[in-house]
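>>> need a 3D model of the sequence below.
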Amino acid sequence: LDLLAHMDLAANQVDVIMVTGSDDPEVKGHAADFGARGFIHKPFKQSQIIAELKDIEESRRIKTRASETTEPEATAAPAIERISGVIPRSAVIVDDSGSVRLLLKGILEELGIRVLGVATCGNEAIEVVGRTHPALVCLDVDMPGMTGIEALPLIMAASPLTTAIMVTGNANRGIVEAAVAGGAKGYFLKPIRPAKVEEFVKKVFKL
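Below is the predicted model:
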């Protein structure tokens, strides 16, 4: 975990798969927040390795495609008319990891969801969501400074009709309860699995 934390800062283009015999969700959660792209649990079979590599390959494809378009600026104002208080089929992504932002952006865009802006911290998220009024905000839980849980009620106050989805490496009971209390409708678990995000987003937007 110590090495992974350094790699997340120094070599964040490397996809890391953790190999572990531990079932401790805290360990897995910390590893996911530090950027682990997958987990292989001991004792493991060949099928586990193949499944993790296929998921990483799909995530790389999505991120490569997303990187071909410019990441939305936090100050960019959308020229779209709001309907029922939010801009339809739109989203804001809040995460301090550039890799996670890029992957979520790619998944959403492939579903026809317009990403209006991104933010890297809680304070920035409140401003961006309050100004753009997206239909969906993907909000990281563990960020430096103001956490996603702390920012959530302020975001919902700024844009009450926006659907908030938390992004977390550790969905323990305390985090889930705090998220629900703050107004979140669900969560994406890190490492981000494109198929899971796609399934949830389709339900939110009734695609």
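
>>> what sits against residue 159?
Listed by Cβ atoms under 8 Å, 6 or more residues apart in numbering, the contact set of residue 159 reads 85, 86, 129, 130, 133, 134, 137. Quick note: C-beta positions are derived from backbone N, CA and C, even for glycine.

>>> residues contacting the second one?
Residues touching residue 86, when contacts are defined by Cβ under 8 Å, 6+ apart, comprise 133, 134, 135, 159, 161, 162.

>>> out of the residues you listed, who's the most crowded?
residue 134 (28 neighbours; other Cβ atoms under 10 Å).

>>> pretty sure it is touching residue 89, no?
No - Residue 134 lies out of contact with residue 89 (Cβ atoms under 8 Å); the separation is 9.4 Å.

>>> give me the number of residues near residue 5?
Residue 5 has 14 nearby residues by other Cβ under 10 Å.

>>> select the longest helix from this structure.
helix 46-67 (DSSP state H).

>>> and the contacts of that helix?
Taking Cβ under 8 Å, 6+ apart as the rule, helix 46-67 contacts 15, 17, 37-41, 99, 102-103, 105-107, 109-110, 192-194.

>>> among the residues you listed, name the ones in strands.
Judged by DSSP state E, the subset of the contacts of helix 46-67 located in strands is 17, 38, 39, 40, 41.

>>> most neighbours out of the residues you listed, which is it?
residue 38 (21 neighbours).

>>> ok, now which ones touch it?
Counted by Cβ under 8 Å, 6+ apart, residue 38 has contacts 15, 17, 18, 52, 55, 56, 191.

>>> lovely, talk soon.
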